[in-house]
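Only the shape, not the letters, is given here:
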């Protein structure tokens, strides 16, 4: 559990998040996702709540987008975008939350719940209650899957989350999840109220234990060095382990190795060894006598100063007996000093113990460290550096001791990289804000691209329209030109036809006039003509009565010589041509000539 609780969590600006979530839900388009071809009617959209509930109940690790791609149903664009947003947020949370992979993986399965609520409520899916709970999970960034009681407690609580979310799916509201989050927070507040007391108590206990351990190990090291490879009388060995070891330990505990008591106690230990080992003391009998005279009193004095009480009676009797025996020149029975003491372990490094500088732990203490990779990684909290023993006190962050590690081992593991500082956590609220802002930028970029594409399409369509219009105008101009040309050709043809027709008519008229002229010239006196019926008179038969050559006038009269009609020669010719007059004498010849002329006109021959 994290050592530092976040006293206040800055919630993302609700309005900004609301607008951005809404725009992303409606506007973003992600490649390879099964968007519908067009806008679906409400009755066409598939209900995905049973599918998401099934995935949550089975605690599947899949992405929501993968699930909806795997089934062939009709999803709305909003559903698909809600699935993508939930996946994206939880994927970022998995990478940046700083939680143990197993814990983060369990929380990330909430993607199914969030996708469902995002589709229904938009940004309201991230209620204050839910965000507070998700942010509070940073308190558990030091959690490891150790199998211990505290580890199982958290997993049991997350099992209750499975039930709460399933209840929300079934009830189609958020009440069960909100109730779970509130209860979690209440339990966390009670638990954290005790953390400071536990931490303080643990620190005091471990500092005292470290001081005791330092004293004990130093006393053992001094004794071990003095007795190493020595053979001594049994009374001296017993005195050292039964009494003197406790004195040396107390001396170190009170004043360290620099105190007078420890210095005197160490010196007397060396004299006891010197007295008991013939190899050391047989060479100087006078000195043996002098040491023997003083050592008893010295031992009693140092003991009294250390414990403020007298040494138990008879404690030094064995030493005095050995000393008397040695002064008599006798050789007492000797035993290996360390072989007969069971469970005695000593380390010479405590003789040269160098406490680390108080600032050595700066930058390490109050930080989480992780060892291992993936699901097997273990996390622990650097609670304190115990200077008395140069040991790192590891805890679970809540006042529970996890173990001790020598400072040198810690430094080596840290520099080798096998022990790493856990990166600073990223709260869920921050993940939400950063992810939504990123997606909103992508959505805005896509919107601009769509607008640019639409504008480009409009410009292309306008250019194409203008091109078509210009092409149409060119075509029409060409057609008009062709039509004008054809009209001109028709007019020319018509003019030519009219000219030809007029020429033909003129030719026929000339021929008719010539024929008529011949007929007029051929009329003899008494020759008959027929004047065809006119609007104002009936047809009449007249004969030539007089031809006046000087005036070229012909005078016709009827049978009785009464009705008189005069024609100038040219006028008669024109009347014959106009078929107003027929010359009876040569009518057949004139009709034949006229038929031939008309026939040539019909076949278009001159």
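Right, received. Where do you want to start? Because the structure is a prediction, the values reported are computed rather than measured.

Tell me the pLDDT of residue 597.
Per-residue confidence (pLDDT) for residue 597: 51.

Just give me the neighbour total for the closest residue in space to residue 134 that isn't next to it in sequence.
Leaving out its chain neighbours, the residue that sits closest to residue 134 by CB to CB, 6 or more residues apart in numbering is residue 428, at 3.6 Å. Using the backbone N, CA and C atoms, a C-beta is placed for each residue, glycine as well. When counting by other CB atoms under 10 Å, one arrives at 27 neighbours for residue 428.

How about residue 454?
Residues lying near residue 454 (other CB under 10 Å) number 10.

Residues touching the host helix or strand of residue 177, excluding its own?
Per DSSP states H and E: residue 177 is located in helix 175-193. The contact list for helix 175-193 (CB atoms under 8 Å, 6 or more residues apart in numbering) reads 5, 113, 127, 129-130, 132-133, 136, 139, 157, 160-161, 163-165, 167-168, 398.

10 Å instead, please
Outside helix 175-193, the residues that touch it by CB atoms under 10 Å, 6 or more residues apart in numbering are 1-2, 5, 110, 113, 117, 127-134, 136-137, 139-140, 153, 157-158, 160-171, 174, 398.

Now, these that are in helices?
113, 117, 128-134, 136, 153, 157-158, 160-171 (DSSP state H).

Check those for burial and list the buried ones.
113, 117, 129-134, 136, 158, 161, 164-169 (16 or more other CB atoms under 10 Å).

May I see the buried residues of stretch 411-427?
419, 422, 425, 426, 427.

Which single one of those is nearest to residue 313?
residue 419 (54.1 Å; CB to CB).

Spatially, which residue comes closest to the closest one, not counting chain neighbours?
Leaving aside its sequence neighbours, residue 419 sits nearest to residue 413 (CB to CB, 6+ apart; 3.9 Å).

before we move on, what about residue 289?
residue 327 (6.3 Å).

In contact with the one you found: list those residues for me.
Going by CB under 10 Å, 6+ apart, residue 327 touches 285, 288, 289, 292.

Can you select the buried ones among the residues you listed for me in ChimeraX?
A single ChimeraX command selects the buried members of the contacts of residue 327 (16+ other CB under 10 Å):
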select :288,292
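
All the helices of the stretch 1-150 of the chain, in order from the start?
14-27, 49-57, 64-70, 77-96, 101-108, 111-121, 128-136, 149-171 (DSSP state H, counting those that start in this stretch).

hmm, back to that, okay, the buried residues of stretch 411-427 in TSV with pLDDT and secondary structure next?
Converted to TSV, these look like this (pLDDT from 0 to 100; DSSP: H, G, I helix; E, B strand; the rest coil):
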residue	pLDDT	secondary structure
419	91	strand
422	84	coil
425	79	coil
426	82	coil
427	85	coil
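
which one of those sits closest to residue 543?
For the buried residues of stretch 411-427, the minimum distance to residue 543 (CB to CB) is 139.2 Å, reached by residue 426.

So what does that closest one have for phi and psi?
Dihedral pair for residue 426: phi -120, psi 110, per degrees, to the nearest 10.

any weak-confidence spans in the stretch 251-400 of the chain?
Scanning the stretch 251-400 of the chain with the threshold set as pLDDT under 70 gives 340, 342, 375.

redo that, cut-off 50
By pLDDT under 50, the stretch 251-400 of the chain contains no weakly predicted segment.

so what's residue 364 up against?
Shown in contact with residue 364 (CB under 10 Å, 6+ apart): 382, 385, 392, 407, 410, 411, 414, 421.

Just say helix, strand or coil for it.
coil (DSSP: H, G, I helix; E, B strand; the rest coil).

Just confirm residue 379 is within a strand.
Yes. Per three-state DSSP, residue 379 lies within a strand segment.

OK, contacts around it?
Here residue 379 is in contact with 98-100, 140-146, 368-372, 394, 396-397, 402, 422 (criterion: CB under 10 Å, 6+ apart).

Test of understanding: give the bridge partners of it.
residue 370 (DSSP bridges).

how much space between it and residue 100?
In this view, residue 379 and residue 100 are 7 Å apart by CB to CB, to the nearest Å.

overlap in contacts of those two?
140, 141, 142, 143, 144, 145, 370, 422.

ok, the second one to residue 509 distance?
Using CB to CB, we find residue 141 at a distance of 124 Å from residue 509.

Give me the spatial nearest neighbour of the most centrally placed residue in the chain, chain neighbours excluded.
Nearest residue to the geometric centre of the chain (CA atoms, centre = their mean): residue 88, 4.5 Å. The shortest distance from residue 88 to any non-neighbouring residue, by CB to CB, 6+ apart, is to residue 435 (5.6 Å).

Would you agree residue 394 falls within a strand?
Yes. Counting by three-state DSSP, residue 394 falls inside a strand.

What residues does it make contact with?
Neighbours of residue 394 in contact, by CB under 10 Å, 6+ apart: 369, 378-384, 401-405, 410.

which of those residues tops the neighbour count?
Going by other CB under 10 Å, residue 381 tops the contacts of residue 394 with 26 neighbours.

how far away is the closest residue to that residue other than its chain neighbours from residue 224?
Nearest residue to residue 381 in three dimensions, chain neighbours excluded: residue 397, at 4.1 Å (CB to CB, 6+ apart). Note on residue 397: its distance to residue 224, by CB to CB, is 38 Å.

For those two, indicate the residue with more neighbours.
When neighbours are counted by other CB under 10 Å, residue 397 comes out ahead of the other of residue 397 and residue 224, with 25 against 19.

Check whether the more buried one really touches residue 369, as I assumed.
No. Using CB atoms under 10 Å, residue 397 makes no contact with residue 369, being 11.1 Å away.

Good, wrapping up.
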